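Colleague: Give me the fold of what follows.
(2 chains)
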Number of protein chains: 2
Amino acid sequence: MSATPAYDALHQHFARVGHLEEALEYLYWDMATQMPEGGAQARGEQLATLKVLEHQLSTDPRIGDWIARAEGEDLDGWQRANVRECHRLWTHATAVPEALVEAQTKANSACGQIWRTARPKNDFKAVAPYLTEVFARAREVAQIKGEIMGLDPYDALLDGFEPGARRAQIAPLFDDLAAFLPGFTDQVLDAQARRGHGVFPTGPFPIATQRDVGLHFMGVLGFDLNHGRLDVSAHPFCGGGAADVRITTRYREDDFIQSLMGVLHETGHALYEQGRPLGWRAQPVGRARSAGVHESQSLLMEMQACRSREFIELASPVLARHFGGDPTPWAPDNLYRIYTHVERGLIRVDADEVTYPAHVILRFRLETALIDGRLQVADLPGAWREAMRTTVGVENPDDKDGVLQDVHWMEGLLGYFPTYTLGAMMAAQLFDAACTQVPGILPGVAKGDFTPLLGWLRTNVHGHGSRLTTDELMTQATGRPLDAAVFKAHLKRRYLDG
Amino acid sequence: MSATPAYDALHQHFARVGHLEEALEYLYWDMATQMPEGGAQARGEQLATLKVLEHQLSTDPRIGDWIARAEGEDLDGWQRANVRECHRLWTHATAVPEALVEAQTKANSACGQIWRTARPKNDFKAVAPYLTEVFARAREVAQIKGEIMGLDPYDALLDGFEPGARRAQIAPLFDDLAAFLPGFTDQVLDAQARRGHGVFPTGPFPIATQRDVGLHFMGVLGFDLNHGRLDVSAHPFCGGGAADVRITTRYREDDFIQSLMGVLHETGHALYEQGRPLGWRAQPVGRARSAGVHESQSLLMEMQACRSREFIELASPVLARHFGGDPTPWAPDNLYRIYTHVERGLIRVDADEVTYPAHVILRFRLETALIDGRLQVADLPGAWREAMRTTVGVENPDDKDGVLQDVHWMEGLLGYFPTYTLGAMMAAQLFDAACTQVPGILPGVAKGDFTPLLGWLRTNVHGHGSRLTTDELMTQATGRPLDAAVFKAHLKRRYLDG
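Modeller: Alright, predicted model coming up:
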């Protein structure tokens, strides 16, 4: 008989949860990339059933007992961390009464549906009552979770995506950035105007060639095609699991510039997945640490490594060779200008590295106010316009491209937005530490050898799964917890000195 | 409150089972068509977990009570038939003790694995102890199920694939065919020698063109691409579910002849799936009736409709146009000779319509003898060679292409083989009845309009799901239960008169 019967039971049980969640991943991927339209309703039923089973497994009443007993068993470090992560997941899964879970699911789904038709019509009024319901249910959930976990309600939501993160730590980081960015952006725009804009290559860019080039650079970055695929979907994403990662992109015959960076971004996510500890793959401790750390890996590849001069110089002749035509736009200097172009705009997903954080900060400030009850949904459009003016620095003429632009709130995804900018800051701090510790990384990027970089990430980020907390991970990897300094320094170097 | 609470509970429970089984279908399809090799182990774990959950749901102790109470509720015809099918599935799922299920799974898997390496080495001795174990476990299972269901042990296995079928009814049908086929085949071969053989078109046949032609004829037959796909896998199959059917094929640049009929065969399966009653899709009563009825639908399309002179004349100019080259081999007469070529051979899966039943009959006779205990595994190779000589009419030089050729027994699939030939006989009897009742069917096939045929199949076969027993289905559709007469008449007409 095993000396750790409670731990073993926990491990076996969570393996089932993990496999079921992986199965869901492939069904979602199939839905987005392969499924004919007529399969949608049946797929919805399949997913709903699997999610019910997953919920039943995750809230199995025996889990609490196994955890309590396992904590007294003689476990190694990975096992102990696994119990901690099982505990965390179990707390989140069981905190909220079934009836509230159901009410919230319904509210989120109803609002999401209304939003799809209301947004094109610029009709916030149609959305408002549904969104009010979404926030009401979210506040209830936040309150209940917060009480159980001893957290501020907003932090209880945040913890679901970014374990351990607290608004009290995030707010000063974001305030720091919010103070820095407006003046900095002005400087960048001045410098950019002096340098002149890049010239876009003109297509058509054959899709088969775009795919070949995408696969080529995925390989350069270290993507293992024996454990993953590249496909097409309406909205690019990274799905699947560590042993078989599915990334997607979309192609436009008239534009290759965005598509390439999209693939490199998803490749960053995929490399994290492929680097998770395979033996712990399906266990809570083997999962990716958080949404923010995941985003740090995509942004580290896209923003830190692949928008560097080194990478642009590597890519330039490859692109010129594959697409031909006028070579001028493919010249390294021109490509670099295109790939580091900065412009204030209304839309978060179109924002560049410099202006993106302002979009996130305004959402963080508004959603905390909404959860706190300091702001009402009815006042949201006005608050949004005001914040766009002061934080991003643009006038927002309508709600369609304003408060209605993102699906997140509409489907009850609250506490998620900050992870984008936490990820951007982590990416800068991790990449800086990596390049300092391993001087061969940037020269490697320049010659298309990503193994020094990938090796460092495997050791310092990917291979840990969720064994370390994010604070521990950042401290062990970079010598200190996350702050905004390296990110700001990176922006200055690239956009003012570059 | 509902007037049928027990039925409702049963319905809801089996919907979950149905959705879970559909989910498994798409994971299998993905494994065969999309998954990179490195995902195999993780996929195995995902499938195993989903199968454990499916087994737990299927054996839920509440089911027996729901069934007993539902049988006393006021149900309509579909609901009553659904309870009957739930009962059948529940009996099969719960009959065998967990420990024996596990022992059987292990035995089947071990034998299947050994077989993969032993077959190329022609090494029956290596397989024998494992196959002995497979049959021992299967006999135990058959015995237990047989006692519970009041059936002969072999019939209890057969019933898992062909509900309601009994060896006592099959054996005379097969004896009839076995007496008829050897002399008939001699006659066919004589006639064929007199007529001369067809000339094969020479490739290469570009794979994109093969795919286009396959999709074209899938459309002609009535395959709905809004509810299905065509992809590539090592072994062609039809998977997925009614709302989203996934068929596969394989391509060889040097051969198109086999590939086309492969696609049409799978399309026949797919049309059955797409025609199942959508509202009952995930319920037991909404499933395909049996393995034999499923095979009848693929063979009805492939053998009855698409190897007819009418279809060959329709296909001839389409193939000539797509593939070009020397037009002679694409001429209708020549194509018809190719597609109705008969030849005695060693390998079941390569057999034609005339010689195929003999392969099945010998397997039926041997597997019944093995389950009865009248034959031992050690004596199987000798018995096989003897049966090949007397039943198929060829000498079998080795075990590799003899008793080791099929995976079925090696993985414990016993009671399945008869369904191939039951399907062939059903196909003939159904097609004959359809053409008699709807005179426009064959003229429709000739001009590429399959709607009269598909309409008849929708009404008489597909739309019933499992509401009727196979006997009821055949009797309602054709006026009498299955017999061998129409199949024999079809063979005579095509191969002697044609």
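Colleague: Which residue does the stretch 101-250 of chain A have closest to chain B?
Modeller: residue A:244 (3.0 Å; Cβ to the nearest Cβ). The way it works is simple: take the backbone N, C-alpha and C, and place the C-beta from them, glycine included.
Colleague: which one is that residue nearest to, not counting chain neighbours?
Modeller: residue B:39 (3.0 Å; Cβ to Cβ, 6 or more residues apart in numbering or on different chains).
Colleague: Tell me if I am right that that neighbour is in a helix.
Modeller: Yes - counting by DSSP: H, G, I helix; E, B strand; the rest coil, residue B:39 is part of a helix.
Colleague: about what we covered before: mind listing what the residue of the stretch 101-250 of chain A closest to chain B touches?
Modeller: When contacts are counted by Cβ atoms under 8 Å, 6 or more residues apart in numbering or on different chains, residue A:244 touches A:26, A:227, A:228, A:229, B:35, B:36, B:38, B:39, B:42, B:43.
Colleague: Quick check: the gap between residue A:401 and residue A:30.
Modeller: Relative to residue A:30, residue A:401 is positioned 32 Å away (Cβ to Cβ, to the nearest Å).
Colleague: what do you get for residue A:58?
Modeller: Where residue A:30 is concerned, residue A:58 sits at a distance of 23 Å (Cβ to Cβ).
Colleague: Residue A:462 against residue A:270, yeah?
Modeller: No - in this structure, residue A:462 is not within contact of residue A:270 by Cβ atoms under 8 Å, at 10.8 Å.
Colleague: which parts of the stretch 51-200 of chain A sit against chain B?
Modeller: Counting by Cβ under 8 Å from any Cβ of the partner chain, the stretch 51-200 of chain A comes close to chain B at A:52, A:53.
Colleague: Extract the CA atoms of the helix or strand hosting residue A:65 and return them as CSV.
Modeller: Residue A:65 is part of helix A:62-70 when elements are defined by DSSP states H and E. What follows is the C-alpha trace of helix A:62-70 in CSV, where atoms were taken according to Å, rounded to 0.1, in the frame of the first residue of the first chain:
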residue,chain,number,x,y,z
ARG,A,62,-14.1,13.8,-1.3
ILE,A,63,-11.5,16.3,-2.6
GLY,A,64,-11.6,18.4,0.6
ASP,A,65,-10.9,15.4,2.7
TRP,A,66,-8.1,14.2,0.4
ILE,A,67,-6.5,17.6,0.5
ALA,A,68,-6.6,17.8,4.3
ARG,A,69,-5.1,14.3,4.7
ALA,A,70,-2.5,14.8,1.9
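Colleague: How about that helix, which residues are buried there?
Modeller: Neighbour-count burial for helix A:62-70, counted by 16 or more other Cβ atoms under 10 Å in any protein chain shown, picks out A:63, A:66, A:67, A:69, A:70.
Colleague: just checking, what packs against that helix?
Modeller: If you count contacts as 3 or more Cβ pairs under 8 Å, 6 or more residues apart in numbering or on different chains; DSSP states H and E, helix A:62-70 packs onto helix A:5-33, helix A:77-95.
Colleague: Now residue A:16: closest residue in space that isn't a chain neighbour?
Modeller: In space, residue A:16 is closest to residue B:49, 5.1 Å off (Cβ to Cβ, 6+ apart).
Colleague: on that earlier part again, my guess is the residue nearest to residue A:244 contacts residue A:227. True?
Modeller: Yes - when contacts are counted by Cβ under 8 Å, residue B:39 is listed as touching residue A:227 (6.6 Å).
Colleague: Between the two, which is the more surrounded one?
Modeller: Between residue B:39 and residue A:227, residue B:39 has the larger neighbour count (other Cβ atoms under 10 Å in any protein chain shown), namely 26 against 21.
Colleague: list the contacts for the more buried one?
Modeller: Contacts of residue B:39 (Cβ under 8 Å, 6+ apart): A:227, A:240, A:243, A:244, B:31.
Colleague: of residue A:401 and residue A:30, who's got more company?
Modeller: Of the pair residue A:401 and residue A:30, residue A:30 is the one with more neighbours under other Cβ under 10 Å, namely 22 against 15.
Colleague: rewinding a little: contacting residues for the residue nearest to residue A:16?
Modeller: Residue B:49 makes contacts with A:15, A:16, A:19, A:20, A:23, as judged by Cβ under 8 Å, 6+ apart.
Colleague: Please look at the last one and residue B:27 and confirm they touch.
Modeller: Yes - look at residue A:23 against residue B:27 with Cβ under 8 Å: they come within range, at 6.1 Å.
Colleague: Mutual contacts of residue B:39 and residue A:227, please.
Modeller: With contacts defined as Cβ under 8 Å, 6+ apart, the residues shared by residue B:39 and residue A:227 are A:243, A:244.
Colleague: and stretch A:210-221, C-alpha only, in PDB?
Modeller: Taking Å, rounded to 0.1, in the frame of the first residue of the first chain, the C-alpha atoms of stretch A:210-221 are listed here in PDB:
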ATOM      1  CA  GLN A 210       2.100  33.200 -45.800                       C
ATOM      2  CA  ARG A 211       1.600  29.800 -44.200                       C
ATOM      3  CA  ASP A 212       5.000  28.600 -45.300                       C
ATOM      4  CA  VAL A 213       6.700  31.700 -43.900                       C
ATOM      5  CA  GLY A 214       4.700  31.300 -40.700                       C
ATOM      6  CA  LEU A 215       5.700  27.700 -40.300                       C
ATOM      7  CA  HIS A 216       9.300  28.600 -41.100                       C
ATOM      8  CA  PHE A 217       9.500  31.100 -38.300                       C
ATOM      9  CA  MET A 218       7.600  28.900 -35.900                       C
ATOM     10  CA  GLY A 219      10.300  26.400 -36.400                       C
ATOM     11  CA  VAL A 220      13.000  29.100 -35.900                       C
ATOM     12  CA  LEU A 221      11.500  30.000 -32.600                       C
END
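Colleague: count of residues packed around the closest residue to residue A:18 other than its chain neighbours?
Modeller: Residue nearest to residue A:18 in three dimensions, not counting chain neighbours: residue A:282, with 3.0 Å by Cβ to Cβ, 6+ apart. As a burial measure, residue A:282 scores 25 neighbours (other Cβ under 10 Å).
Colleague: what about the strands in chain A?
Modeller: If DSSP state E is used as the criterion, the strands of chain A fall at A:228-232, A:238-241, A:244-249.
Colleague: most neighbours per residue, which of those?
Modeller: Scoring those by mean neighbour count under mean count of other Cβ atoms under 10 Å in any protein chain shown gives strand A:244-249 as the most buried, with a mean of 26.
Colleague: from the middle of its chain, how far away would it be?
Modeller: In terms of Cα atoms, centre = their mean, to the nearest Å, the gap separating the centre of strand A:244-249 from the centre of its chain is 15 Å.
Colleague: Domain map for chain A?
Modeller: Under the assignment named as automatic domain parsing, the residue ranges that make up the domains of chain A are A:1-95, A:97-498.
Colleague: can you list these in CSV and add distance to residue B:324 and mean pLDDT?
Modeller: Formatted as CSV, the entries for those read as follows, by distance: least, Cβ to Cβ, whole Å; pLDDT from 0 to 100:
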stretch, distance to residue B:324, mean pLDDT
domain A:1-95, 31, 96
domain A:97-498, 24, 96
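Colleague: got the ones you listed as CSV, with distance to residue B:334 columns?
Modeller: Supplementary listing: these in CSV, determined by distance: least, Cβ to Cβ, whole Å:
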stretch, distance to residue B:334
domain A:1-95, 36
domain A:97-498, 37
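Colleague: which residues touch the residue nearest to the spatial centre of chain A?
Modeller: Centroid-nearest residue in chain A, with Cα atoms, centre = their mean: residue A:295, separated by 3.8 Å. Neighbouring residues of residue A:295 by Cβ under 8 Å, 6+ apart: A:419, A:420, A:422, A:423, A:424, A:426, A:427.
Colleague: what number of residues lie near the nearest residue to the third one once chain neighbours are set aside?
Modeller: Nearest-residue entry for residue A:422: residue A:292, 3.9 Å, with adjacent residues in sequence omitted and distances by Cβ to Cβ, 6+ apart. Using other Cβ under 10 Å as the criterion, residue A:292 is surrounded by 26 other residues.
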